[in-house]
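Colleague: below are the sequence and a predicted model for it; my questions follow.
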Amino acid sequence: MDACARSLAGRHIASRRPPANQDHHASRSDPAEIGRARPIDLLASIAQGLWRRLQGVDILDWKRDLCPDIIGCLTDAAMHPRLAHLPDIGMYVAQFQRLKPLTLGIIDPPDRATPIGQCLTCGLTITASANATIVTCPTCGREQTASAVRLDLLERSIRSGKAFTAGECARLLRSCGYRISRKTITSWKTRGLIAPAGADDTGKPLYPLACVVDRLRCDTPVD
């Protein structure tokens, strides 16, 4: 209970701080924002109820403004001498444990999964977060390293002769372990080391990935 309350109290600070330019007079609320707020509001309600019980506040005298904020409630509860003597403390612990992953998922959302390539067995698109090391194909069930899937995508893109913007080339190469930036590729163009093969709908130059890789290998010293 102590560790759970301290963890939630410490991480709650950033989640409830309003943006600097927040419009407090907006006529509509974003449904997604409402959904994210509910676990935190429920956590606050339970924490305030626990604080009132520990402080011995009579139910008929409960007033919302007598309670500290959620951080104060959780901090006081974690250190309160009566905490271990509540007969139904297990109910509060269960509620906090249930809300903990939901609340932390709002405060520190996990990395969003994005397509990284195709399964090396069945060819289905594989999605993974940026720091994933092992991925499993949802169709054939094969486990494979994320680096192998990304490298396969890079090799197929090179063989296909496809051209990408400087930013897209840099992201694809960095995902495979190469150290390169968009500015590096545009500087190669300025110096005449590579030439674009066209432009996209917004006018951004498109560079053949094979040419970018060849140039990168020329600039990379060999041990």
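Modeller: Everything's here; your move.
Colleague: worst mean pLDDT across the helices and strands of this protein, which element?
Modeller: helix 2-15 (a mean of 50; mean pLDDT, DSSP states H and E).
Colleague: buried sites along the helix or strand just after that helix?
Modeller: Downstream of helix 2-15, the first helix or strand assigned by DSSP states H and E is helix 31-55. For helix 31-55, burial by neighbour count (16 or more other Cβ atoms under 10 Å) applies to 36-37, 39-40, 43-44, 46-54. The C-beta positions use only the backbone N, C-alpha and C, and glycine is treated the same way.
Colleague: which one of the residues you listed is nearest to Ala130?
Modeller: For the buried residues of helix 31-55, the minimum distance to Ala130 (Cβ to Cβ) is 22.1 Å, reached by Arg36.
Colleague: read off the pLDDT value for the closest one.
Modeller: Arg36 carries a pLDDT value of 52.
Colleague: and Thr133, its phi and psi?
Modeller: According to degrees, to the nearest 10, the main-chain angles of Thr133 amount to phi -110, psi -40.
Colleague: pretty sure it is touching Ala146, no?
Modeller: Yes. Between Thr133 and Ala146 there is a contact under Cβ atoms under 8 Å: 5.8 Å.
Colleague: the two: who's more crowded?
Modeller: Each of Thr133 and Ala146 has its neighbours counted (other Cβ atoms under 10 Å); Ala146 has more, 19 against 8.
Colleague: all set now, cheers.
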